[in-house]
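Chemist: pasting the structure only:
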């Protein structure tokens, strides 16, 4: 009877811990609750517990989410382990694509499904997202700089800046502190310098358009530029070349499709033309399927 009471108390304590931790708990928590490795063995063989990773478990019958798997991996790796790289990116900004769990750990971790990057992080680079220890977005971007393509890194940087998840001044400080000669950091520094003091593009499509202009040797326009006529605000445009009085409007796949939106856009373009500006509209299809003639059109408009 006493063993039964003890067993129920252990399960109750672990259930309370799991409720705070996305449904998972660790071996250390089992021992702290009064259990021992033999209880773990019996619970797993009887089907009452699931072994997620070494030293990390969940109650059978409770679905384990991505957050739960990440936290289980951190519990397995032990103290001062943090979700990182693509895993951190998918926690800060969920995409549903990450499978393997990446984390920074001060000790080696050998377990299927976990990629452990060996090292100890500065306190300025880490935080918690709920119950999950995780690298801050700025450190995550530095880590990803060595694994992502240049285009993917630029898109990720802009998306985190747009969402307010990362801050340029803080990213610059962390690059100075930890960047060193890490692969990809030089490119990340250039991206940061290019965005200093400028408005961030408001969509991935706008980021791609800016990249296309740069790759074709065209000057960078001013993003989110306010055009005024005798002090009156005419429009806030996606991109502008004020010296040439040229506007570029980026029409992404999800925008400008409703009739009311189209009418608003046409009236806006008329106002810009009346104020002496020229307007080039760039659609998603044109940027990806007719890029060369589009870039020639923009170049001719700038030269005119």
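Modeler: Right, received. Where do you want to start? Everything numeric in this text was worked out from a predicted model, so none of it was measured. Numbering: from 1, shown residues only.
Chemist: Every contact and neighbour count from this point should use C-alpha atoms.
Modeler: Noted.
Chemist: Go ahead and report the secondary structure state at the closest residue to residue 250 other than its chain neighbours.
Modeler: In this structure, residue 250 finds its nearest non-sequential neighbour in residue 282, 5.0 Å apart by Cα to Cα, 6 or more residues apart in numbering. Recorded secondary structure, residue 282: strand (DSSP: H, G, I helix; E, B strand; the rest coil).
Chemist: cool, and the one 3 residues further on?
Modeler: Classification of residue 285 by three-state DSSP places it in helix.
Chemist: who touches it in this structure?
Modeler: Under the criterion of Cα atoms under 8 Å, 6 or more residues apart in numbering, residue 285 has no neighbours.
Chemist: And the strands in the stretch 201-304 of the chain?
Modeler: 222-229, 232-241, 246-251, 278-283 (DSSP state E, counting those that start in this stretch).
Chemist: Now do residue 32 against residue 47, distance only.
Modeler: Separation of residue 32 from residue 47 (Cα to Cα, to the nearest Å): 22 Å.
Chemist: no wait, residue 54
Modeler: Distance, residue 54 to residue 47, by Cα to Cα: 16 Å.
Chemist: the more surrounded of these two?
Modeler: Between residue 54 and residue 47, counted using other Cα atoms under 10 Å, the more crowded position is residue 54 (17 against 13).
Chemist: okay but the more buried one is in contact with residue 75, surely?
Modeler: No: judged on Cα atoms under 8 Å, residue 54 makes no contact with residue 75 at a distance of 9.0 Å.
Chemist: and residue 41, that one's in a helix?
Modeler: Yes: membership of residue 41 in a helix is supported by three-state DSSP.
Chemist: Run a quick neighbour tally on it.
Modeler: Number of residues near residue 41 (other Cα under 10 Å) recorded here: 13.
Chemist: For the least confident helix or strand in the chain by mean pLDDT, name the packing helices and strands.
Modeler: Least confident helix or strand, the chain: helix 259-274 with a mean of 76, by mean pLDDT, DSSP states H and E. Contact here means 3 or more Cα pairs under 8 Å, 6 or more residues apart in numbering; DSSP states H and E; on that basis helix 259-274 packs against strand 232-241, strand 278-283.
Chemist: For residue 227, give me its contacts.
Modeler: With Cα under 8 Å, 6+ apart, residue 227 has these contacts: 233-237.
Chemist: make it 6 Å
Modeler: By Cα atoms under 6 Å, 6 or more residues apart in numbering, the contact set of residue 227 is 234-235.
Chemist: One more: the one 10 residues further on?
Modeler: Under the criterion of Cα under 6 Å, 6+ apart, the neighbours of residue 237 are 224-225.
Chemist: again, 7 Å this time
Modeler: Residues near residue 237 by Cα atoms under 7 Å, 6 or more residues apart in numbering: 224-226, 247, 249.
Chemist: which SS class is the residue nearest to residue 128 when sequence neighbours are not counted?
Modeler: Excluding its sequence neighbours, the residue lying closest to residue 128 (Cα to Cα, 6+ apart) is residue 134, at 5.5 Å. Residue 134 falls in the strand class when you classify it by three-state DSSP.
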